[in-house]
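Engineer: The following comprises the amino acid sequence and a computationally predicted model.
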Amino acid sequence: MSLVKKPIMTEKKLAAIRRNQKLSHGPATVEGKERIGAAQFRHGFYAKAREIALPCLGEDPGHYEELLQGLYEEFTPVGALQEELVIRLARVLWLVDRYDRSQEGKALRRAQEVNSGREERLHARMMRFKITAERLRRLAESVAEEHYVTTPEDLEKMKILHEEGVLKDMGEIALILFYQLQVPGGDENGLDPYEVAHRMAAQAKAIFGIGTNPPSAPPANALKVGATENADLKVSATSEQDKRYPSISAAEWEKRERPRQLLENILTRQMEVCEDERKALLRESLKGPSPYERAAEIAPSPAEALLMRRVQDANLREVRRLTNLLLKIQRQERYQQSLEDNNEGVV
């Protein structure tokens, strides 16, 4: 049971409360509004914020003045304590707006940084796709031979493409097929031992000048050599491959045909994929980023987003505390005023 007796609200008390409310409506004249607006300069701190800090931060002191005057008209503070609370509330609300502007400014800066290098990045990606498509086209043309055998050059090209990761899983499959199409019993570079010996002998002859004729003296069997060359031109590519790799039988060539066709199809398809991606990037560069892509580009990091959330929550909690405290003080003063009016009525 409460020990304080609840006052009885009569018509006389209600009329007195209404009269008191009219007396606390805040400044009504121009002089009064200027006096209330100047109340924030008692300590000199807010004067500095208005005259120096706000313009340096690119903020309009007039907007802050409008916010403060609006709070004065809404809460109609009476006394130094209420005025100080209203000023503090205006400061907190202004800081909330400033923080929002700072976050928008950071997002704008990130968007400008992304835009500055967007065209260069897209152009570089398109060039990479074009170069990769050309390399795949050359490999596909090389593999298109009927009796194809993996050469060290083709194998090295495929290794580079696989390491770059452009072809992803298909690159690994293509690399396996290249290994499968090597010369049976060859070395790690895919060379036939007979061909390795032939190349070494040719290099030795070139170094020591063995078996070469003087430039001024034509070979004695020039006519015979010419006839042999004409005959060789009539030999088909299949026969040349069979002579070059005598270790591969006709049945082995037949077995190698299926993986060769599969490898050719993979290279051709990946070349088409690279070309399609290059065209898609070209369309993207002409169209520009979508709203979703733009939002992803300016999105803050998880740590920065968490900090933003904490700062916003802290500011809003401060606004709520100041507002509740100010309203509570005003309710208490109205209650005290009503008690005084009741006592005067009783007397």
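Structural biologist: Ah, there it is.
Engineer: Now do the same contact list for the residue nearest the centre of the chain.
Structural biologist: Geometric centre of the chain, nearest residue: residue 297, 4.2 Å, by C-alpha atoms, centre = their mean. By C-beta atoms under 8 Å, 6 or more residues apart in numbering, the residues touching residue 297 are 110, 111, 114, 289. No exception for glycine: its C-beta is placed from N, CA and C like everyone else's.
Engineer: biggest separation within those residues, which pair?
Structural biologist: Farthest pair in the contacts of residue 297 (C-beta to C-beta) is 110 and 289. Separation: 12.7 Å.
Engineer: Check which helices and strands the helix or strand where residue 273 lies sits against.
Structural biologist: According to DSSP states H and E, residue 273 maps onto helix 250-287. In terms of contacts (3 or more C-beta pairs under 8 Å, 6 or more residues apart in numbering; DSSP states H and E), helix 250-287 is packed against helix 80-143, helix 169-180.
Engineer: and the shortest one, what's its mean pLDDT?
Structural biologist: Helix 169-180 shows an average pLDDT of 89 in the prediction.
Engineer: That one versus helix 80-143: what angle between them?
Structural biologist: 30 degrees (axes from the mean of the first three to the mean of the last three C-alpha atoms, to 10 degrees).
Engineer: can I have helix 169-180 written out in PDB, keeping just the CAs?
Structural biologist: This file holds the C-alpha atoms of helix 169-180, laid out as PDB (Å, rounded to 0.1, in the frame of the first residue of the first chain):
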ATOM      1  CA  ASP A 169      38.800 -30.000 -64.200                       C
ATOM      2  CA  MET A 170      38.800 -30.300 -68.000                       C
ATOM      3  CA  GLY A 171      42.400 -29.200 -68.000                       C
ATOM      4  CA  GLU A 172      43.400 -32.100 -65.900                       C
ATOM      5  CA  ILE A 173      41.600 -34.500 -68.200                       C
ATOM      6  CA  ALA A 174      43.200 -33.000 -71.300                       C
ATOM      7  CA  LEU A 175      46.600 -33.300 -69.600                       C
ATOM      8  CA  ILE A 176      46.000 -37.000 -68.900                       C
ATOM      9  CA  LEU A 177      45.000 -37.600 -72.600                       C
ATOM     10  CA  PHE A 178      48.200 -35.800 -73.700                       C
ATOM     11  CA  TYR A 179      50.200 -38.200 -71.600                       C
ATOM     12  CA  GLN A 180      48.300 -41.100 -73.000                       C
END
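Engineer: Run the chain-centre distance for it.
Structural biologist: From the chain centre to the centre of helix 169-180 is a distance of 33 Å (C-alpha atoms, centre = their mean, to the nearest Å).
Engineer: need the contact list for residue 290.
Structural biologist: Contacts of residue 290 by C-beta under 8 Å, 6+ apart: none found.
Engineer: can you list the domain ranges for this structure.
Structural biologist: 11-112+309-346, 117-208+235-297 (automatic domain parsing).
Engineer: For residue 303, which of those is the nearest?
Structural biologist: domain 11-112+309-346 (10.9 Å).
Engineer: what's the neighbour count on residue 183?
Structural biologist: Residue 183 has 20 neighbours, counted by other C-beta atoms under 10 Å.
Engineer: sorry, that was for residue 271
Structural biologist: Other residues lying near residue 271 total 19 when counted by other C-beta under 10 Å.
Engineer: cool, the one 10 residues further on as well?
Structural biologist: Counted with other C-beta under 10 Å, the neighbours of residue 281 add up to 19.
Engineer: thinking again about what came up before, any chance of JSON lines for the domains of the chain, columns distance to residue 303?
Structural biologist: Listed next are the domains of the chain as JSON lines, based on distance: least, C-beta to C-beta, whole Å:
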{"stretch": "domain 11-112+309-346", "distance to residue 303": "11"}
{"stretch": "domain 117-208+235-297", "distance to residue 303": "17"}
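Engineer: Residue 289 versus the residue lying closest to residue 108 once chain neighbours are set aside, what's the distance?
Structural biologist: In space, and not counting its chain neighbours, residue 108 is closest to residue 298: 7.8 Å by C-beta to C-beta, 6 or more residues apart in numbering. Between residue 298 and residue 289 the computed distance is 10 Å (C-beta to C-beta, to the nearest Å).
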